[in-house]
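Trainee: quick one: sequence plus predicted model below, questions after.
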Amino acid sequence: EAVTRRLVVGRVVIGAGADEPEQRVTARAGRRGIDVAQMSAGGALDFGGAKVEVLWPPATGPSGNDGSIVLRIVFGDRAILFTGDLEHAGETGLLRMAYANGWSLRADVLKVPHHGNH
């Protein structure tokens with residue numbers, strides 16, 4: 001919520017399993033006229049030549065930490081994987097979904113999930 005108060009935000013992207021804190025953020029964004037996009041695995045966005053792949057959560061995904069949105073940003077031949085706050089069950093689900101769909105998890109930079117606890 002602090003980000004939408006302090007910075008110019010064009011769009012808020014949340015996962016399909018939005019929990020109560022995320023709902024507060026989206027409500028605040030809506031009141032400020034900020035576009036809100038709820039996305040699930042398989043979705044993608046393009047930003048000035050960078051492709052943002054949504055890898056998790058599924059459309060009927062879990063909420064809480066295991067419902068964290070996972071993004072893979074690809075620009076040229078480089079990739080960054082943002083795994084949010086996934087815990088063990090979410091990590092396992094992400095791996096299974098990526099394998100089943102043939103999605104790459106390759107990345108030059110990895111933001112480790114759940115503060116590096118798993």
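Mentor: Yes, it's here. Numbers count the residues shown, from 1 in each chain.

Trainee: any weak-confidence spans in the chain?
Mentor: Applying pLDDT under 70 to the chain flags residues 17, 117-118.

Trainee: and the strands in it, which stretches?
Mentor: In the chain, the strands defined using DSSP state E lie at 11-15, 35-39, 44-47, 50-56, 70-75, 78-82, 109-111.

Trainee: dump the residue contacts of the residue positioned nearest the centre of the chain.
Mentor: The residue lying closest to the centre of the chain (CA atoms, centre = their mean) is Ile69, at 2.6 Å. Neighbouring residues of Ile69 by CB atoms under 8 Å, 6 or more residues apart in numbering: 13-15, 39, 54, 56-57, 84. (Each C-beta comes from the backbone N, C-alpha and C, glycine too.)

Trainee: out of those residues, which are buried?
Mentor: Neighbour-count burial (16 or more other CB atoms under 10 Å) is assigned, among the contacts of Ile69, to 14-15, 39, 54, 56-57, 84.

Trainee: now, among these, which is nearest to Gln23?
Mentor: Ile14 (8.7 Å; CB to CB).
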